[in-house]
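# model this:
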Amino acid sequence: KQEDAAEYIRILFKILGEASIRLESSKVSQFTGGELLKEEALKLIHSDSMGYMSHYSLTRIYEIITSLHEKKPGSAISMYTTFFQPFDGCLMEDYRPLMRVLHLGGRGDPFAQKTASLCLAYILMTGCPSVVRRQKPLFWINSVSIEEPLQALVSWLISQLQSSSAASLLLATSTVSILATSPEARDLLHRGSGIGYITKHLKVRSNSTNQVSRIGPSVGANVQQLYELCFCLWTLTYELDSSPMIRTNFKRSGAVTALVGLLSSAPREKITRVSLSALRNLATCSGDLVPSRGKKIDGSVFLTDMIGSGLLKSITVLRVRQWTDPDLLDDLNTLEKLLHKNFKERTTWDVYQAELESGCLVWGPVHTEKFFRENFKKMEGPDANFEPLKTLVFLATCGNEDQVAIACFDLGEFVRHYPNGRSIATRLGAKEIIMKLIEHENADVQQQALN
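Next up, the predicted model:
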């Protein structure tokens with residue numbers, strides 16, 4: 001019965017509320033996994049009954065939620081009849097122990113915190129207007145009642161994404177990917193700078209030998225976490241046409257560079273699929289709505305970033321693989337056509353500037369003596385403060401060895417062609433950087449630094 005299901009959940013919430021008070025210092029919360037002998041497990045339960053009850057009640061709540069979530073809309077027992085009050089449509093107050101578990105002090109309890117955040121995500125998403133309209137529950141739902149807890153949950157998730165630790169990332173990714181399917185939650189994620197934090201975890205960096213690319217070394221993100229983070233960015237791209245701020249955040253965060261980097265690192269097919277789909281959405285977005293201040297950002301801007309990040313080369317490599325997914329192949333074909341069209345419409349300086357902005361230098365026509373002979377004057381930048389040159393100097397200090405070598409070559413060409421270029425480059429710190437690179441272990445970097 002509806003009443004029995006709701007009452008059972010209330011009992012579990014009450015148990016969790018009582019048991020979680022001491023959860024942060026419990027032995028169960030400090031258990032890191034692995035198998036225990038029967039005697040060891042019984043000893044742990046007897047020595048920490050409160051911790052055991054917390055984990056038990058959370059596990060049961062999660063099992064019930066996932067079971068209800070799979071039921072068809074209009075079922076006699078549903079997420080709505082279990083977690084919302086039929087007389088006023090509001091979210092039941094009993095959920096609050098889940099929120100308390102999120103904010104455990106000390107070392108916390110990763111299992112409890114992750115499970116609580118997943119439970120909250122499923123419950124609160126059920127009350128979002130977009131979901132209510134689709135599910136058509138048996139009674140009216142007061143969506144205002146979920147606004148405050150949803151904001152609190154998203155704020156907690158953003159705080160986890162801000163961290164560079166693997167443990168914090170593990171707590172957040174699954175829950176964020178669930179919330180990202182709701183337009184209301186996506187709006188909160190982007191307002192909390194979620195696009196920037198997600199992109200940070202997707203950045204691809206090369207190791208010191210430049211032989212193996214690895215993903216997110218600061219956080220140790222595994223394949224599933226990378227997929228979930230990519231999935232979040234992909235869902236957020238569906239808000240591009242309606243929000244100038246989201247387009248700005250995607251541009252500012254360097255999301256294009258991160259997504260192209262993932263494709264270059266040969267990830268699993270599911271990551272390739274969502275990355276390509278996200279890039280296609282970025283390439284085809286409209287810029288009809290323009291913020292009161294700032295320049296127009298639309299698909300052409302993102303396409304320029306894609307060219308600068310080397311997406312055309314990545315697509316060539318991806319075509320060698322035998323794909324069977326028709327959607328993935330369609331995304332590949334569409335992106336390739338758009339990139340070639342955009343490339344023809346752009347000047348070589350536009351392409352070079354896109355590379356500088358993306359922080360991804362790739363050997364090609366814009367890294368030649370001919371290019372700098374024709375474009376050295378543009379290194380002054382629109383405000384005559386040599387901003388492109390400053391960026392180039394910075395890129396000579398970071399990134400993989402190919403990028404450092406290219407930056408050295410470009411600096412040398414600027415010095416050769418720009419009047420008094422050596423003095424300007426020295427003033428910006430280029431000489432000191434180049435002198436150190438003369439002794440670099442990579443032969444190509446040495447050669448370009450010497451030239």
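
# under the pLDDT cut-off, which ranges of this structure? List them.
The model of the chain has pLDDT under 70 over residues 1, 21-50, 73, 105-108, 204-221, 266, 289-295, 345, 399.

# neighbours of the closest residue to L102 other than its chain neighbours, how many?
Distances taken as CB to CB, 6 or more residues apart in numbering place W156 nearest to L102, at 5.2 Å, with adjacent residues excluded. Bear in mind the C-beta positions are built from the backbone N, C-alpha and C, glycine included. Residue neighbour count, defined by other CB atoms under 10 Å, stands at 19 for W156.

# show the contacting residues for W156.
Contact analysis of W156 by CB atoms under 8 Å, 6 or more residues apart in numbering lists L102, H103, S117.

# also L395?
By CB under 8 Å, 6+ apart, the residues touching L395 are L356, G359, L361, Q403, V404, A407.

# which one of those residues sits closest to C230?
Minimum distance to C230 across these is 19.7 Å, recorded for G359 (CB to CB).

# for S163, which non-adjacent residue is closest in space?
L169 (7.3 Å).

# any idea how far apart the tips of stretch 425-443 sit?
Here the two ends of stretch 425-443 are set 23 Å apart, with distance taken as CA to CA, to the nearest Å.

# could you do stretch 418-431 as well?
16 Å.

# what residues does it touch?
Residues contacting stretch 418-431 (CB under 8 Å, 6+ apart): F376, K377, M379, F386, L389, K390, V393, A396, L411, F414, V415.

# phi and psi next, for the second one.
For K377, the backbone dihedrals (degrees, to the nearest 10) come out as phi -60, psi -30.

# who's in contact with it?
Taking CB under 8 Å, 6+ apart as the criterion, K377 is in contact with Y418.

# and it, how far from F414?
Between K377 and F414 the computed distance is 10 Å (CB to CB, to the nearest Å).

# next: the first one.
Taking CB to CB as the measure, F376 falls 6 Å from F414.

# so which strand or helix has the residue nearest to S163?
helix 166-179 (DSSP states H and E).

# which other helices and strands contact that helix?
Judged by 3 or more CB pairs under 8 Å, 6 or more residues apart in numbering; DSSP states H and E, helix 166-179 is in contact with helix 110-126, helix 147-162, helix 183-191, helix 194-202, helix 223-236.

# can I get those helices in JSON lines with distance to C90?
Converted to JSON lines, the helices and strands packed on helix 166-179 look like this (distance: least, CB to CB, whole Å):
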{"stretch": "helix 110-126", "distance to C90": "13"}
{"stretch": "helix 147-162", "distance to C90": "11"}
{"stretch": "helix 183-191", "distance to C90": "17"}
{"stretch": "helix 194-202", "distance to C90": "27"}
{"stretch": "helix 223-236", "distance to C90": "28"}
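
# nearest to L328, of those helices?
Of all those, helix 223-236 sits nearest to L328, with 12.9 Å by CB to CB.

# how about the contacts made by T304?
With contact taken as CB under 8 Å, 6+ apart, T304 is in contact with N342, R346, D350, V351, A354.

# of the residues you listed, closest to Q225?
Nearest to Q225 among the contacts of T304 is A354, at 29.1 Å by CB to CB.

# any idea how many residues pack against that closest one?
Each residue near A354 was counted by other CB under 10 Å, and the total is 21.

# what's the answer for the one 4 residues further on, then?
As a burial measure, the neighbour count of S358 was computed by other CB under 10 Å and equals 23.

# the one 4 residues further on now?
Counted with other CB under 10 Å, residues neighbouring V362 total 17.

# and it, what element?
Counting by DSSP H and E, there is no helix or strand that carries V362.

# for it, which non-adjacent residue is closest in space?
Per CB to CB, 6+ apart, closest to V362 is G310, 4.7 Å.

# list the contacts for the one you found?
Counting by CB under 8 Å, 6+ apart, G310 has contacts V260, S264, C360, V362.

# what sits against V274?
Neighbours of V274 in contact, by CB under 8 Å, 6+ apart: Y227, C230, F231, L233, W234.

# sorry, back to before: sitting in strands, which of the contacts of T304 do you find?
The members of the contacts of T304 all map outside strands under DSSP state E.

# okay, those residues in CSV with distance to P244 next?
Converted to CSV, the contacts of T304 look like this (distance: CB to CB, whole Å):
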residue, distance to P244
N342, 21
R346, 23
D350, 22
V351, 25
A354, 21
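
# wait, L236 sits on A185?
No. With contact defined as CB atoms under 8 Å, L236 does not count as touching A185 (10.4 Å).

# relative to D241, how far out is the residue nearest to S300 when sequence neighbours are not counted?
In space, and not counting its chain neighbours, S300 is closest to N342: 6.3 Å by CB to CB, 6+ apart. Note on N342: its distance to D241, by CB to CB, is 19 Å.

# same question for K14.
46 Å.

# the more surrounded of the two?
The residue with more neighbours, out of K14 and D241, is D241; 18 against 13, by other CB under 10 Å.

# that one - that's part of a strand, no?
No. Using DSSP: H, G, I helix; E, B strand; the rest coil, the assignment for D241 is coil, not a strand.

# can you report how many residues lie near H340?
Per other CB under 10 Å, the neighbour tally for H340 reads 12.

# chain neighbours aside, what residue packs nearest to it?
Leaving aside its sequence neighbours, H340 sits nearest to L312 (CB to CB, 6+ apart; 7.7 Å).

# of F376 and F414, who's got more company?
The neighbour count for F376 versus F414, taken as other CB under 10 Å, is higher for F414 (22 against 17).

# so which bits of whichever strand or helix holds that one are buried?
Assigned by DSSP H and E, F414 falls within helix 401-417. Buried positions in helix 401-417, judged by neighbour count with 16 or more other CB atoms under 10 Å: 401-415, 417.

# how far off centre is that helix?
32 Å (CA atoms, centre = their mean, to the nearest Å).

# which residues touch that helix?
Applying CB under 8 Å, 6+ apart, the external contacts of helix 401-417 come out as 206, 210, 360-363, 367, 369, 371-373, 376, 379, 389, 392-393, 395-398, 421-422, 425, 430, 434, 437, 440, 442, 444-445, 447-449, 451.

# Throw together a ChimeraX command that grabs the buried residues out of the residues you listed.
To isolate the buried members of these in ChimeraX, using 16+ other CB under 10 Å:
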select :206,210,360,361,362,367,371,372,376,379,389,392,393,395,396,421,425,430,434,437,440,442,444,445,448,449
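
# and the residue nearest the centre of the chain?
Central residue of the chain (CA atoms, centre = their mean): I198, 2.3 Å from the mean position.

# that one reaches F231, doesn't it?
No. The pair I198 / F231 is not scored as a contact, 9.9 Å apart, by CB under 8 Å.

# surely T397 is within a helix?
No. Going by three-state DSSP, the assignment for T397 is coil, not a helix.
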